[in-house]
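Visitor: Kindly generate the corresponding structure for this input.
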Amino acid sequence: MTTPPSTTSTWPSELARFLALQRRDQIIWLSRLIHLISMYARDTYEVGTDDVVHPANLRRFNELIHRVASLQRSVAESSPGRPPEALFAMVEEQLASLGVDSSHLLDSLQ
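Guide: Presented below is the predicted three-dimensional model:
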């Protein structure tokens, strides 16, 4: 059996795909991104305890979730907010600095 070639997305290609989505689908896409970011944030604490082992990273993940949720709210309310282009650039930069493999995350958003 042959494995198909990887069609790994990039943040710019995902932004173009996001902008082409209907409003409802953009809201769903942002919900999925929030969920995935929260999953990565789990690495900041010790499983099975209340101990946070990487508090600075936890705060950064929390800020990312806040920013994505803000865009989600703007899309849902059809109100102006931070442009998606700015958010995508910030998310890409922050995830990279947190050591998150964006290719896996972006594949999960497909």
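Visitor: rest of the way, CA atoms for contacts and neighbours
Guide: Noted.
Visitor: The longest helix seen in the chain: how far from the chain's middle?
Guide: For the chain, the longest helix by residue count, based on DSSP state H, is helix 55-77. Chain-centre distance of helix 55-77: 9 Å, with C-alpha atoms, centre = their mean, to the nearest Å.
Visitor: helix or strand right after it?
Guide: helix 84-97 (DSSP states H and E).
Visitor: for that following helix, which positions count as buried?
Guide: 84, 87-88, 91-92, 94-95 (16 or more other C-alpha atoms under 10 Å).
Visitor: what angle separates it from helix 55-77?
Guide: Orientation check (axes from the mean of the first three to the mean of the last three C-alpha atoms, to 10 degrees): helix 84-97 against helix 55-77 gives 160 degrees.
Visitor: Which helix or strand lies directly C-terminal to helix 84-97?
Guide: helix 102-108.
Visitor: Please write out the alpha-carbon positions of that next one in CSV.
Guide: Taking Å, rounded to 0.1, in the frame of the first residue of the first chain, the C-alpha atoms of helix 102-108 are listed here in CSV:
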residue,chain,number,x,y,z
SER,A,102,2.2,23.5,13.3
SER,A,103,2.1,21.0,10.5
HIS,A,104,0.4,18.5,12.7
LEU,A,105,-2.0,21.2,14.1
LEU,A,106,-2.9,22.5,10.6
ASP,A,107,-3.4,18.9,9.3
SER,A,108,-5.9,18.4,12.2
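Visitor: Use 849 as the first number from now on
Guide: All right, first residue 849 from here; so that's helix 950-956.
Visitor: In it, which residues are buried?
Guide: 950, 953-954.
Visitor: and if you look at stretch 857-868?
Guide: For stretch 857-868, by 16+ other C-alpha under 10 Å, it's 857, 859, 862-863, 866.
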